[in-house]
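Chemist: this one's structure only:
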């Protein structure tokens with residue numbers, strides 16, 4: 001330090017400069033921290049938005065509405081075409097009269113691990129047995145049948161009809177369930193496919209087609225009925241179970257499954273060229289220890305009028 005009055009002035013100026021420099025450094029650091037914080041906040045928001053776009057899955061029944069609500073808040077999301085694609089998908093699924101195949105596949109891939117233990121235990125699943133009892137009443141030929149099992153799962157319906165079958169084929173969306181069915185050893189052929197698409201492209205023809213607790217993932221059954229009609233031989237029948245609807249036609253229930261009314265089934269069957277061979281009240285399984293209201297239905301091809 002320089003002594004004397006002049007030195008004291010220089011010392012004072014040095015202190016002032018140091019204080020001002022320190023304040024400037026602190027302000028710069030604060031601004032830098034604020035900038036970092038804003039950058040981090042923007043990054044977090046960007047990542048959060050990306051998660052919303054990724055996780056809001058309109059394929060799930062009942063989730064399209066939630067997805068659209070979340071997408072509506074993302075007006076500044078980039079890239080915009082990705083968000084637009086998700087919005088379009090959500091709107092399409094919002095009005096779809098069936099569960100999305102990808103949702104069903106994922107659901108049953110997860111369910112396959114303990115499917116039979118849960119279905120035959122707490123849920124008291126009995127749809128295959130119900131169809132076998134109905135078939136005994138309405139199917140005229142009960143041996144040497146080629147059978148198609150729609151939504152075959154682990155093969156419980158194939159087991160119920162094994163003594164009637166000369167060959168049974170199965171179709172299911174879930175690869176994991178198909179592998180369980182394959183291990184049962186009752187199928188001639190197993191296909192991982194959407195049943196609506198399969199019915200339209202297969203060249204095989206069947207004497208009996210069954211769908212045990214499968215049509216609960218479809219609302220509008222017109223395409224299924226048309227496909228089944230194409231795949232049945234003369235004299236063939238289609239047996240299936242549904243959950244019973246209070247609505248006029250069909251509705252999606254709180255458990256994300258579709259329900260169908262008797263009036264709708266009769267009208268849809270007639271439109272597709274079937275007649276009702278049998279229709280009975282029957283519960284396919286339990287929920288919370290209560291029997292689910294359902295119907296078991298047998299459709300037969302309407303015989304073509306004889307030529308004169």
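Modeler: Perfect, thanks for sending it. Computed from a predicted structure; not experimentally measured.
Chemist: who are the contact partners of residue 238?
Modeler: Counting by Cβ atoms under 8 Å, 6 or more residues apart in numbering, residue 238 touches 208-211, 225, 228, 232, 274, 298-300. For the C-beta atoms, the positions are set from N, CA and C on the backbone; glycine is no exception.
Chemist: the helix or strand containing it: what's the following helix or strand?
Modeler: Element membership of residue 238, judged by DSSP states H and E, is strand 232-244. Later in the chain than strand 232-244, the nearest helix or strand by DSSP H and E is strand 250-252.
Chemist: can you pull out the low-pLDDT segments for the stretch 101-250 of the chain?
Modeler: Along the stretch 101-250 of the chain, no part satisfies pLDDT under 70.
Chemist: that one: strands as residue ranges?
Modeler: 145-150, 165-172, 189-192, 206-211, 232-244, 250-252 (DSSP state E, counting those that start in this stretch).
Chemist: now these in a markdown table, with distance to residue 101?
Modeler: Output for the strands of the stretch 101-250 of the chain, formatted as a markdown table (distance: least, Cβ to Cβ, whole Å):
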| stretch | distance to residue 101 |
| --- | --- |
| strand 145-150 | 14 |
| strand 165-172 | 11 |
| strand 189-192 | 11 |
| strand 206-211 | 15 |
| strand 232-244 | 18 |
| strand 250-252 | 16 |
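Chemist: among those strands, which comes closest to residue 134?
Modeler: With Cβ to Cβ as the measure, strand 232-244 is the member of the strands of the stretch 101-250 of the chain nearest residue 134 (6.1 Å).
Chemist: just checking: what are the partner strands of the closest one?
Modeler: strand 206-211 (parallel), strand 258-260 (parallel), strand 294-301 (antiparallel) (DSSP bridges).
Chemist: count the neighbours of the residue lying closest to residue 205 once chain neighbours are set aside for me.
Modeler: Excluding the flanking residues, the one nearest residue 205 by Cβ to Cβ, 6 or more residues apart in numbering is residue 233, at 5.0 Å. As a burial measure, residue 233 scores 12 neighbours (other Cβ atoms under 10 Å).
Chemist: distance of residue 233 from residue 112?
Modeler: In this view, residue 233 and residue 112 are 32 Å apart by Cβ to Cβ, to the nearest Å.
Chemist: cool, residue 157 as well?
Modeler: In this structure, residue 157 and residue 112 are 16 Å apart, going by Cβ to Cβ.
Chemist: residue 267 too?
Modeler: 35 Å.
Chemist: more neighbours: the two, which one.
Modeler: residue 112 (20 against 12).
Chemist: for that one, which non-adjacent residue is closest in space?
Modeler: Computed as Cβ to Cβ, 6+ apart, the closest residue to residue 112 that is not its neighbour in sequence is residue 176, at 3.8 Å.
Chemist: counting neighbours, what do you get for that neighbour?
Modeler: The local packing of residue 176 (other Cβ under 10 Å) involves 17 other residues.
Chemist: for residue 163, what are its contacts?
Modeler: Going by Cβ under 8 Å, 6+ apart, the list of residues near residue 163 is empty.
Chemist: end-to-end on stretch 227-235?
Modeler: In terms of Cα to Cα, to the nearest Å, the two terminal residues of stretch 227-235 are separated by 16 Å.
Chemist: now that stretch: buried residues?
Modeler: For stretch 227-235, burial by neighbour count (16 or more other Cβ atoms under 10 Å) applies to 227-229, 231-232.
Chemist: same deal with stretch 278-289?
Modeler: Neighbour counts using 16+ other Cβ under 10 Å place 278-279, 282-285 of stretch 278-289 among the buried residues.
Chemist: check stretch 190-201 too.
Modeler: Within stretch 190-201, the residues scored as buried using 16+ other Cβ under 10 Å are 190, 192-196, 198-199.
Chemist: can you give me the end-to-end span of it?
Modeler: End-to-end distance for stretch 190-201, by Cα to Cα: 15 Å.
Chemist: residue contacts, the residue nearest to residue 141 when sequence neighbours are not counted?
Modeler: Counting by Cβ to Cβ, 6+ apart, residue 207 is the residue found nearest to residue 141 once chain neighbours are left out, at 7.2 Å. By Cβ under 8 Å, 6+ apart, the contact set of residue 207 is 141, 145-147, 232-233, 235-237.
Chemist: likewise for residue 130?
Modeler: Residue 130 neighbours (Cβ under 8 Å, 6+ apart): 212, 241, 282-284, 296.
Chemist: what is the burial count for residue 270?
Modeler: Counted with other Cβ under 10 Å, residue 270 comes out at 14.
Chemist: quick one, what contacts it?
Modeler: Contacts for residue 270 (Cβ under 8 Å, 6+ apart) come out as none.
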